[in-house]
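Enquirer: Here is a sequence with its predicted model. Questions after.
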Amino acid sequence: MAERPVPEAIAHLDLATIPDVGARQAIRALLTLVEELAAEVQALRTDNQQLRDELARLKGGSGRPTIPRGKSAGGSTDYSSEQERRPAPKPWQKRGKQDRVRIDRTERLAVDPATLPSDAEFKGYETVVVQDLVLHTDTVAFELEVWYSASERRSYRAQRPAGYDAGTFGPHLRALVLTLAYGGGMSERKILELVEGAGIAVSAGTLSNLLTESRAAFATEARAVLEAGLGSGPWQHLDDTTTRVNGDGQYCQILCNPLYTAYQTTPKKDRLTVIDVLRGGRPRAYRFDREADRHLEWLGVSATARAKLTAIPREQALDEATLTALLAGPARSLGPQQQHAVREALALAAYLADPSWPVVRALVCDDAPQFRAVTEELALCWIHEGRHYKKLTPYLPQHRAALASILEQFWEYYRELLVYREHPTPEDRARLDAGFDALFGTVTGYRLLDQRLALTRDKKPELLLVLQHPELPLHNNPAELGARQRVRKRDVSFGPRSLAGSSAWDTFMTLAATTRKLGLDFAAYLRDRFTRAGQIPSLADLITARAPHLALGSSWAPA
């Protein structure tokens, strides 16, 4: 439905030209009311259309066709900030590929002498590189020697080569299907069509097993990747996206930094889950100490409720069963929310006190509540913050101009922070600190925009943590890109149908993303592991070896 045009008298109204202060304030209030009513009308139109569509479907018809996002007449839903936040792009130059191509064989070609004139002279060779990829079967029939010992009453058989000793499919095929599924995002059905077309006789069920049966061997390395990644630097990116396991809604947690990406599927996404993710999915542990006291107070648990926790021993490691039994004592009168707060506080204290596992000093994430108070410091994503402004849809031209001005200043300030990260100085730190207050303390007269500016101003410590630690990124794009990979996998394959499948998704997506960040070929890595060639070192060792370069210039004091 088309939006009603703004009357000319209002569209060209300049409040600054009205000398009477009372009249100016009254007109500003009326403009705000018009803006709010326009937003309410638009929301009602949307709800009304949804009800019409649903009624039409219930009557056996069809509702209004689904229009792709960003194409609706009511305005764009594209909240991307790529153009605003990035400096002017450099001129594009085609990148040469000869230095990246590995020559597998050289074939020398001669000119047919019968075509040459009598005075032709040989001038050497011209090299032309042609890339090709050959996909064909390599089915081997192993004839194993069999010996029998009558005295021992047992047979002796020759051993198959490494990589060929597990089942009836070789290491190259197993590496291929895993690469296509988790590195390339192909569905099982399309992988099956591909390998069958190449001449492999395999059933759909067997192919599904090939995609999950190897997870146990690789899960150990994926866990080592997570531990090494957590220990490689004081800060980590974290984000989540919805996923499904056998049709049930769950969440995929993406934890990463420049050296690795780890995926963990969880039933929930609350603060306890975040602590579980940072602990690598190990069984929950609890500890009642001063850190737990501080967190209980931060959560608003009253002194009266905390007094009922005297039966819980302090400064001791507790497991799930023990804490459950203790909470069934004097603390049983606590409400469900209070009991959950107790578990959360004690779980956080146990995580921070664990000497055997790396503790994250700062999270780079969005402003979802579950990320708060888990780590020592929190760095919020500027791009997420910018999306809040781009979601505003002012009706009046004056308010549109005010929003455009604020957005322009927002991204200009962001680019100044980027410059500061490269060359931090105390003078620039003070200037940017004051500039933040000036920008987000602006009063525009557009109430929704002013409320948004105030909300951003309240997040100043988290948005400007980069002034204390210039090595911190200003956005959470790496985790979002990791989430996008999971979304694409989910769109193609819907979701795993079992816990084993969910574990395989997490394991192999972790290894695929990490090998990419380490500059390794995922397929070559898989073949190396299947054949036990040992040519590619442990991924965790590679992360640990490169960690000093990541932490170079770190402004964090030793933990």
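Expert: Nice, thanks for sending it over.

Enquirer: Every contact and neighbour count from this point should use C-alpha atoms.
Expert: Will do.

Enquirer: what about the longest helix belonging to the chain, distance to the chain center?
Expert: The helix spanning the most residues in the chain, taking DSSP state H as the definition, is helix 21-58. Chain-centre distance of helix 21-58: 35 Å, with C-alpha atoms, centre = their mean, to the nearest Å.

Enquirer: Which of the residues in that helix are classified as buried?
Expert: 24, 28, 31-32, 35-36, 38-39, 53-54 (16 or more other C-alpha atoms under 10 Å).

Enquirer: Repeat that for stretch 355-373.
Expert: 357-367, 371-372.

Enquirer: average pLDDT across it?
Expert: In this model, stretch 355-373 carries a mean pLDDT of 94.

Enquirer: can you tell me the distance between the two ends of it?
Expert: Stretch 355-373 has its terminal residues 20 Å apart, counting by C-alpha to C-alpha, to the nearest Å.

Enquirer: chain center to that stretch, what's the gap?
Expert: The answer for stretch 355-373 is 14 Å, by C-alpha atoms, centre = their mean.

Enquirer: Confirm that Ile103 lies within a helix, as I assumed.
Expert: No: the assignment for Ile103, made by DSSP: H, G, I helix; E, B strand; the rest coil, is coil rather than a helix.

Enquirer: what's the farthest-apart pair in the buried residues of stretch 355-373?
Expert: By the measure C-alpha to C-alpha, Trp357 and Asp367 form the most distant pair in the buried residues of stretch 355-373, at 25.8 Å.

Enquirer: ok so, going back, could I get the average pLDDT for the longest helix of the chain?
Expert: With pLDDT averaged residue by residue, helix 21-58 scores 78.

Enquirer: go on, stretch 391-410?
Expert: Here the average pLDDT along stretch 391-410 is 91.

Enquirer: Please enumerate the strands of the stretch 101-250 of the chain.
Expert: With strands called from DSSP state E, counting those that start in this stretch, the stretch 101-250 of the chain shows them at 146-149, 154-157, 235-245, 248-257.

Enquirer: So which residue is dead centre in the protein?
Expert: Residue closest to the average C-alpha location in the chain (C-alpha atoms, centre = their mean): Ala479, at 2.8 Å.

Enquirer: what separates that one from Arg372, distance-wise?
Expert: In terms of C-alpha to C-alpha, Ala479 sits 17 Å off from Arg372.

Enquirer: same check, this time on Lys308
Expert: 26 Å.

Enquirer: Then Ser214?
Expert: 37 Å.

Enquirer: do Glu35 as well
Expert: Taken as C-alpha to C-alpha, the span from Glu35 to Arg372 is 34 Å.

Enquirer: Just the CA trace of stretch 339-354, in CSV.
Expert: Written as CSV, here are the backbone C-alpha positions of stretch 339-354 (Å, rounded to 0.1, in the frame of the first residue of the first chain):
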residue,chain,number,x,y,z
GLN,A,339,17.9,-20.8,41.3
HIS,A,340,18.9,-20.2,37.7
ALA,A,341,20.8,-17.1,38.8
VAL,A,342,22.6,-19.2,41.5
ARG,A,343,23.6,-21.8,38.9
GLU,A,344,24.7,-19.0,36.5
ALA,A,345,26.8,-17.2,39.1
LEU,A,346,28.5,-20.4,40.4
ALA,A,347,29.2,-21.7,36.8
LEU,A,348,30.8,-18.4,35.9
ALA,A,349,33.0,-18.5,39.0
ALA,A,350,34.1,-22.0,38.2
TYR,A,351,35.0,-21.0,34.6
LEU,A,352,37.1,-18.1,35.8
ALA,A,353,38.9,-20.2,38.4
ASP,A,354,39.7,-23.1,36.2
